[in-house]
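A.B. asks: Generate a structure from the sequence data that follows.
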Amino acid sequence: MALLYIDVDDFKYVIDTLGHAAGDVVAAHRPSRLEACVRKADTVARLGGDEFVVILEGGPWRDGRRRGR
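C.D. replies: From the prediction side, this is the model:
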């Protein structure tokens, strides 16, 4: 199992320039975009704000490191 921590770049810029409503739209679409990049067995979750985690099930952690890039 591997855990990927993802921090969205320039998320604060989106909120500061376009407002919180636009930030909510970006944050709402991010998990579905991440889910499209991982296997069905993996889990995508939003921690809060612009932070997300992906839990990669099975396989050695080195495989998770490679897949995270």
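
A.B. asks: Could I get the full set of helices for this protein?
C.D. replies: 11-18, 20-35, 61-68 (DSSP state H).

A.B. asks: how far does the first one sit from the chain's center?
C.D. replies: The one in question is helix 11-18. How far helix 11-18 lies from its chain's middle: 18 Å, per C-alpha atoms, centre = their mean, to the nearest Å.

A.B. asks: show me the contacts for A27.
C.D. replies: When contacts are counted by C-beta atoms under 8 Å, 6 or more residues apart in numbering, A27 touches V8, F11, R46, G49, D50. Glycine gets a C-beta too; all of them are placed from N, C-alpha and C.

A.B. asks: which of the residues you listed are buried?
C.D. replies: Neighbour counting by 16 or more other C-beta atoms under 10 Å classes F11, D50 among the contacts of A27 as buried.

A.B. asks: thinking again about what came up before, between the helices of the chain, which gets nearest to L4?
C.D. replies: If you check each of those against L4 by C-beta to C-beta, helix 61-68 wins as the nearest, at 4.6 Å.
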